[in-house]
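[1] sequence-free structure coming up:
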């Protein structure tokens, strides 16, 4: 009987299913304050008690002399404390879905010169600790595409994943698709190919969620200083009107039989 249970679990995993308990304690890693809501709102709404770690949630050394175009579109003016306002929005949003916010102290790239921006090896240890502190059964990273903060978050997440696996953490790892950016030509396929090249197989997984677009809209609306720039640059309303689905990709080692088939050996 025990062998059959193991076989059944293997079969479920092979076909994209999850074992009971995998989604007991969820961590969603978000590049900016709003990205988890944009790309994983249904997940957060379905599983209250989750933790959302925002990587680029820190204060900049100094705000620019002139407000950035993104912040200006959100209603800010020069001299405003943008990060504090957005942290308050995030706090309210997490209350709405009964999640716990965690903010790392790395500044958004828009406030820094290229040479000052945090790198994945610099972010990795802090992110690893934040994930470990949450003791998750499942971790959802962004695919990390197009935006430099998304790329850094994804790559730092893979560093944290490797270290936590080495230390014996048994969490199951996923990526969620970055809202908006995933529709750019070829960019999602590029990330998937990068993961394959790294020996990590990304596979769409069967993650049970309740699809409630009204609740997703309400969650995103709490980030009120982000809505206007998202509409301006990312066709937010059109994407929401289209009910674009959220997809979660499981990250795992190659499956030998499938690797053999894909390589033409079967």
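    Done, it's in. Values in this document were obtained by computation on a predicted structure and should not be read as measured data.
[2] got the buried residues for the biggest helix by length in the chain?
    Ordering each helix of the chain by length in residues (DSSP state H) puts helix 148-166 first. By neighbour count on 16 or more other Cβ atoms under 10 Å, the buried set for helix 148-166 is 148-161, 163-164. All C-beta atoms are positioned from the backbone trio N, CA, C, and that covers glycine.
[3] Could you do stretch 131-146 as well?
    131-132, 134, 136-146.
[4] Name the nearest of the buried residues of helix 148-166 relative to residue 245.
    For the buried residues of helix 148-166, the minimum distance to residue 245 (Cβ to Cβ) is 19.2 Å, reached by residue 150.
[5] and residue 128, how far is that from residue 26?
    Noted for residue 128: a distance of 17 Å to residue 26, by Cβ to Cβ, to the nearest Å.
[6] Out of those two, name the residue with the larger neighbour count.
    A count of neighbours by other Cβ atoms under 10 Å puts residue 26 above the other of residue 128 and residue 26, at 26 against 20.
[7] on that earlier part again, what are the contacting residues of the longest helix of the chain?
    29-32, 35, 55-56, 108-109, 117-121, 123-125, 127-128, 131-132, 139, 141-145, 171, 173, 175, 178, 181, 191, 198, 200, 251 (Cβ atoms under 8 Å, 6 or more residues apart in numbering).
[8] ok, now with 6 Å
    By Cβ atoms under 6 Å, 6 or more residues apart in numbering, the surrounding residues in contact with helix 148-166 are 29, 31, 55-56, 109, 120, 123-124, 127-128, 131, 141-142, 144, 173, 178.
[9] What separation is there between the residue sitting nearest the centre point of the chain and residue 194?
    With distances taken as Cα atoms, centre = their mean, the residue of the chain nearest its centroid is residue 142 (3.1 Å). Using Cβ to Cβ, we find residue 142 at a distance of 13 Å from residue 194.
[10] Residue 120 now?
    For residue 120, the distance to residue 194 - Cβ to Cβ - is 13 Å.
[11] what bits of this structure have low per-residue confidence?
    Filtered on pLDDT under 70, the chain yields the residue ranges 1-7, 256-266.
[12] Enumerate every residue touching residue 45.
    By Cβ under 6 Å, 6+ apart, the contact list for residue 45 reads 97, 215.
[13] quick check, it in a helix?
    Yes: checked against DSSP: H, G, I helix; E, B strand; the rest coil, residue 45 lies within a helix.
[14] and it, how far is that from residue 95?
    Taken as Cβ to Cβ, the span from residue 45 to residue 95 is 13 Å.
[15] residues in contact with residue 111?
    Going by Cβ under 6 Å, 6+ apart, the list of residues near residue 111 reads residue 60.
[16] same question, the one 10 residues further on
    Under the criterion of Cβ under 6 Å, 6+ apart, the contact list for residue 121 is empty.
[17] Sticking with it, tell me its helix or strand.
    helix 120-134 (DSSP states H and E).
[18] Give the pairing partners of the next helix or strand after that helix; include direction for each.
    Later in the chain than helix 120-134, the nearest helix or strand by DSSP H and E is strand 138-142. When pairing is defined by DSSP bridges, strand 138-142 lines up against strand 26-30 (parallel), strand 172-176 (parallel).
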